[in-house]
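Undergrad: 3D, please:
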Amino acid sequence: MPVDFTAIDFETANSSTASACAVGLARVRDGVVVATDGWLMRPPPGHDEFHPRNVEIHGITPADVVSAPGWSEQLARLRDFLGDDVLVAHNAGFDMSVMRRACAATGDELAPYRYMCSVQLSRSVYVLPSHSLPYAAAAAGFLEFQHHDASADALACAHIVIDAARRTGSADIDALSGATGVRISRIPDEAALSVLV
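TA: Residues are numbered from 1 along each chain as shown. Okay, here's the model as predicted:
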């Protein structure tokens, strides 16, 4: 189906969602993955300690990111890839929080991207024992990938959304939202959030 969006996935160095250490991206046009990218990054100062459990999960160590760009230095590259697409992530609240918190830690501005959660899409279109990424991706026909590699996870997420659009006959991402009842949310403006606190 002719859906356009960008799938995104972050890995973090520790329990702080500001501690982004890798990102993976997959751009979809007309229901086809047309571009992928991914890179390592140094987490923002104060959020840059690597917890052994996180390293065990994704395999990224402090030595891997020592010469990588920091959050602020890589932000233009991230924005260039995202453009003004709707973003999709598996457990999107986490990945949107990574962007919000990392920008808050560095004082960078974050655009109020629209986003959708592929976990919620999975729950809407599949009957599965688990809606974790490997199960949902397998249901979408994307069987073999290295889970917790940010680029591979973003690609798996993209395939879930493409399959959900096909199954529901959705012509675009807004139609997919309507067909599944999965809301397209927007990253809130930090200034607006500070007024609410």
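
Undergrad: residues near His147, how many?
TA: Neighbourhood size, His147 [other CB atoms under 10 Å]: 13. In this view, the C-beta of every residue, glycine as well, is placed from N, C-alpha and C.

Undergrad: Low-confidence stretches in this structure?
TA: Along the chain, the parts satisfying pLDDT under 70 run over 1, 189-197.

Undergrad: Just the CA atoms of stretch 173-180, as CSV, please.
TA: Below are the C-alpha coordinates for stretch 173-180, written out as CSV (Å, rounded to 0.1, in the frame of the first residue of the first chain):
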residue,chain,number,x,y,z
ILE,A,173,-0.7,6.6,7.3
ASP,A,174,-3.7,8.6,8.3
ALA,A,175,-6.0,6.0,6.8
LEU,A,176,-4.0,3.3,8.7
SER,A,177,-4.6,5.2,11.9
GLY,A,178,-8.3,5.3,11.2
ALA,A,179,-8.5,1.6,10.2
THR,A,180,-6.7,0.4,13.3
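
Undergrad: What residues sit buried inside that stretch?
TA: For stretch 173-180, burial by neighbour count (16 or more other CB atoms under 10 Å) applies to Ile173, Ala175, Leu176, Ser177, Ala179, Thr180.

Undergrad: Secondary structure added to these, as JSON lines?
TA: JSON lines is the format used below for the buried residues of stretch 173-180 (DSSP: H, G, I helix; E, B strand; the rest coil):
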{"residue": "Ile173", "secondary structure": "helix"}
{"residue": "Ala175", "secondary structure": "helix"}
{"residue": "Leu176", "secondary structure": "helix"}
{"residue": "Ser177", "secondary structure": "helix"}
{"residue": "Ala179", "secondary structure": "helix"}
{"residue": "Thr180", "secondary structure": "helix"}
